[in-house]
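Visitor: pasting the structure only:
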């Protein structure tokens, strides 16, 4: 493969790096206080925070993976994006008012107020650990294709990225992170649009040819719905990534992102007003929907481009790139023959054997980088590489600042020095930024020597133990009567359900180890013991069912209401309606006090709507009480003789 990275490309890339560094130093004076460093003085416009939310959401993984999905298969993953508007609405209606009304910067302080300090520590510990892994994965997967395609040293790419992100996050705090995120959002959007236009220009027939060829190959399909009714019996396919399964998965994951993720919560807090905070949330959420469609369209166009007669011979090149990457991940690096300067015979055999086994699903993520390196004109290649760096750096910088914020608020000021001075808190923020930058960069360097399977196990374990956070937050928001015992019970039940659903992944990892080793033998033994009770459900349902387990009590009450009405159990109806009212953030008791609390955080229209709901529930409760009284005074039914 002949790739190029010209002087003009280097200039574009260096201008991008210089620009991001200058933003950090420009905002240094505004981030010298804890409020400035963690919340930007609560003064930023909503559109800037919205672009920052969008840039944080789009990592380098999704920048390369989304086109790879539609190249290899169809638009089924786009259903995930369609769940974002509903998740955004839920977050804007119920979660955002909590954070804006609170004086806390930590998203997890709310859990301590409701359930105790254990809930706050549970959420923040797994968030901090997950951010280290996330930063490492994002930087590693960003650097890997560049190292394979351009021949750059992967360690230098990781070090340069980690150092630059840590520097401007350290100097400029959250305000520099948000403004650089906004700039990076524009860079990655511009890069994607330019790349798509160049691709269409190089395809004979342009976009019309893309539509025709892709439609004939069913590349725009979303897959089966996954549910139906057969002879009066409802059925649901939970074993495959159907439209409904992906939709449920997307709703829960996006609730975790927009509702409880510290990275997003700090954007809401940094906004200058409640209105600007809602604007940032809606902009960041809704912008991702058309942009993800843009990435899927790029992947579909790549399919047409590489299956055209003039470029079909380039598919083996992509397979060789992926084979080299996989061998590199296993610690097998290119070996060269001293006499000929070519690859050694042994390495060439391994490379060819590995490439021959690869299918469209395995090479999808690397088709886009191959196109960038080989087919884009000078300058545009540099812009696209800058866009990939931007997608990675926006995610990493956000993780750095949010992690430093949690270390200061949830640990240092909460347990070590509650009366710490401003100077001491700033020292902790600076130190935490550097430490987490080193940890994230170190994790990326460590991943150079780890395999994908080891990484999968880490994500599985973090999902098992951290998967209960969304359910815990929902329980906190929708039920004011749920106390500490209910929260602990719900989290333990949710973790057990997630563990059961994830158990097949753990066994698959053990079985993937070389035969004869203890890990492989353990996997065989566990597989034998697990026969008959392993989860048959698709992995996308793991967070869905874990969350539903924690909040299942309220859902059961909701579905039980019609049956209770038919049975005439009006006392229980009244109790259940009280809990369901909490789901709507209103209650039939203490109404005046509740509205006084909400008046400062809810718009007049919303407040009037809430009053109408309360009035309706009070009327229903009164009717239930009347029916209950009538039933108590009614004469007993006549006894049958």
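Guide: Received the coordinates, thanks. Note that the structure is a prediction, hence the values are computed from the model and not measured. Numbers count the residues shown, from 1 in each chain.
Visitor: Sketch out the low-pLDDT regions of this protein for me.
Guide: By pLDDT under 70, the low-scoring segments of the chain are 1-3, 329, 337-341, 450-467, 478-483, 551-641.
Visitor: Kindly report the domain assignment for it.
Guide: Per automatic domain parsing, the structural domains of the chain span 7-76+123-225+287-450, 470-550, 552-631.
Visitor: Put together JSON lines for those domains, with mean neighbour count and distance to residue 260 on each row.
Guide: Any C-beta I mention is one placed from the backbone N, CA and C, and that applies to glycine too. As requested, those are exported to JSON lines (neighbours: other CB atoms under 10 Å; distance: least, CB to CB, whole Å):
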{"stretch": "domain 7-76+123-225+287-450", "mean neighbour count": "20", "distance to residue 260": "8"}
{"stretch": "domain 470-550", "mean neighbour count": "17", "distance to residue 260": "5"}
{"stretch": "domain 552-631", "mean neighbour count": "15", "distance to residue 260": "17"}
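Visitor: mind putting the ones you listed in JSON lines, distance to residue 85 included?
Guide: Output for the domains of the chain, formatted as JSON lines (distance: least, CB to CB, whole Å):
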{"stretch": "domain 7-76+123-225+287-450", "distance to residue 85": "7"}
{"stretch": "domain 470-550", "distance to residue 85": "18"}
{"stretch": "domain 552-631", "distance to residue 85": "18"}
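Visitor: right, so of those, which gets closest to residue 239?
Guide: domain 470-550 (5.8 Å; CB to CB).
Visitor: How far away from the center of its chain is the closest one?
Guide: 19 Å (CA atoms, centre = their mean, to the nearest Å).
Visitor: How about stretch 233-240?
Guide: Chain-centre distance of stretch 233-240: 26 Å, with CA atoms, centre = their mean.
Visitor: The stretch 201-350 of the chain: helices as residue ranges?
Guide: Secondary structure of the stretch 201-350 of the chain (DSSP state H, counting those that start in this stretch): helices at 206-216, 243-255, 262-270, 274-306, 315-329, 345-356.
Visitor: The second one versus helix 274-306: what angle between them?
Guide: The one in question is helix 243-255. Going by axes from the mean of the first three to the mean of the last three CA atoms, to 10 degrees, helix 243-255 is angled at 140 degrees with respect to helix 274-306.
Visitor: ok, and the closest non-adjacent residue to the spatially most central residue of the chain?
Guide: The centroid of the chain falls nearest to residue 257 when counting by CA atoms, centre = their mean (5.6 Å). Nearest residue to residue 257 in three dimensions, chain neighbours excluded: residue 264, at 6.1 Å (CB to CB, 6 or more residues apart in numbering).
Visitor: Burial check on that neighbour, number of neighbours?
Guide: The tally of other residues near residue 264 (other CB atoms under 10 Å) stands at 29.
Visitor: For it, list the residues it contacts.
Guide: Residues near residue 264 by CB atoms under 8 Å, 6 or more residues apart in numbering: 53, 56, 257-258, 281, 284.
Visitor: Check those and tell me the two furthest apart.
Guide: Going by CB to CB, the pair spanning the contacts of residue 264 furthest: 56 and 281, at 12.4 Å.
Visitor: Now for these two: what residues contact both?
Guide: Listed as contacting both residue 56 and residue 281 by CB under 8 Å, 6+ apart are 264, 267.
Visitor: Could I get the phi/psi values of the residue nearest to residue 118 when sequence neighbours are not counted?
Guide: Nearest non-adjacent residue to residue 118, counting by CB to CB, 6+ apart: residue 488, 7.7 Å away. Backbone torsions for residue 488, taken as degrees, to the nearest 10, come to phi -60, psi -40.
Visitor: Quickly note the distance from residue 488 to residue 54.
Guide: Distance, residue 488 to residue 54, by CB to CB, to the nearest Å: 36 Å.
Visitor: repeat for residue 280
Guide: Taken as CB to CB, the span from residue 280 to residue 54 is 10 Å.
Visitor: what about the helices in the stretch 51-200 of the chain?
Guide: Under the criterion DSSP H, counting those that start in this stretch, helices of the stretch 51-200 of the chain are mapped to 60-72, 78-82, 84-90, 96-101, 109-115, 117-150, 154-202.
Visitor: just how off-centre is the fifth one within its chain?
Guide: Read it as helix 109-115. Chain-centre distance of helix 109-115: 23 Å, with CA atoms, centre = their mean.
Visitor: How about the contacts made by the residue nearest to residue 413 when sequence neighbours are not counted?
Guide: In space, and not counting its chain neighbours, residue 413 is closest to residue 420: 5.5 Å by CB to CB, 6+ apart. Taking CB under 8 Å, 6+ apart, we find residue 420 in contact with 412-413, 428.
Visitor: of those residues, closest to residue 20?
Guide: Of all the contacts of residue 420, residue 428 has the smallest distance to residue 20: 24.8 Å, by CB to CB.
Visitor: so which helix or strand takes in that closest one?
Guide: Using DSSP states H and E, residue 428 sits in helix 422-447.
Visitor: got the angle for that helix vs helix 154-202?
Guide: Put simply, helix 422-447 runs at 80 degrees to helix 154-202, going by the same axes, to 10 degrees.
Visitor: Grab the nearest non-local neighbour of residue 362.
Guide: residue 322 (6.0 Å).
Visitor: need the contact list for the one you found.
Guide: Contact analysis of residue 322 by CB under 8 Å, 6+ apart lists 355, 358, 362-363, 366.
Visitor: now residue 123
Guide: Contacts of residue 123 by CB under 8 Å, 6+ apart are 107-108, 111, 260, 469, 472.
Visitor: Distance check, residue 160 against residue 166.
Guide: Distance of residue 160 to residue 166, given as CB to CB: 11 Å.
Visitor: repeat for residue 402
Guide: Counting by CB to CB, the gap from residue 402 to residue 166 is 14 Å.
Visitor: what's the closest non-adjacent residue to residue 404?
Guide: Per CB to CB, 6+ apart, closest to residue 404 is residue 432, 3.7 Å.
Visitor: quick one: contacts for that neighbour?
Guide: 403-404, 407-408.
Visitor: Report the contact partners of residue 389.
Guide: 13, 16-17, 60, 142, 161.
Visitor: which among the contacts of residue 123 gets closest to residue 398?
Guide: Of the contacts of residue 123, the one sitting nearest to residue 398 (CB to CB) turns out to be residue 107, at 13.4 Å.
Visitor: didn't the closest one look like it was pressed against residue 265?
Guide: Yes: between residue 107 and residue 265 there is a contact at 4.0 Å, judged by CB atoms under 8 Å.
Visitor: Those two: who's more crowded?
Guide: Neighbour count, other CB under 10 Å: between residue 107 and residue 265, residue 107 has more, with 32 against 27.
Visitor: The more buried one and residue 96: what is the separation?
Guide: 11 Å.
Visitor: And residue 510, by the same measure?
Guide: Applying CB to CB, the value for residue 510 to residue 96 is 43 Å.
Visitor: same question, residue 223
Guide: As judged by CB to CB, residue 223 and residue 96 stand 33 Å apart.
Visitor: Same question for residue 342.
Guide: In terms of CB to CB, residue 342 sits 60 Å off from residue 96.
Visitor: ditto for residue 15
Guide: Distance of residue 15 to residue 96, computed by CB to CB: 36 Å.
Visitor: returning to that earlier point: for the contacts of residue 123, which one is nearest residue 117?
Guide: Nearest to residue 117 among the contacts of residue 123 is residue 111, at 8.9 Å by CB to CB.
Visitor: how deep is that closest one tucked in, by neighbour count?
Guide: Residues within reach of residue 111, counting by other CB under 10 Å, total 25.
Visitor: Who are the contact partners of the closest residue to it other than its chain neighbours?
Guide: Distance criterion CB to CB, 6+ apart; nearest residue to residue 111, sequence neighbours excluded, is residue 119 at 3.8 Å. Residues in contact with residue 119, defined by CB under 8 Å, 6+ apart, are 108, 111-112, 472, 487.
Visitor: in stretch 90-103, what's buried?
Guide: For stretch 90-103, a neighbour-count test (16 or more other CB atoms under 10 Å) marks 90-92, 94-100 as buried.
Visitor: Looking at these, which is nearest residue 242?
Guide: The closest of the buried residues of stretch 90-103 to residue 242 turns out to be residue 90 (CB to CB; 22.7 Å).
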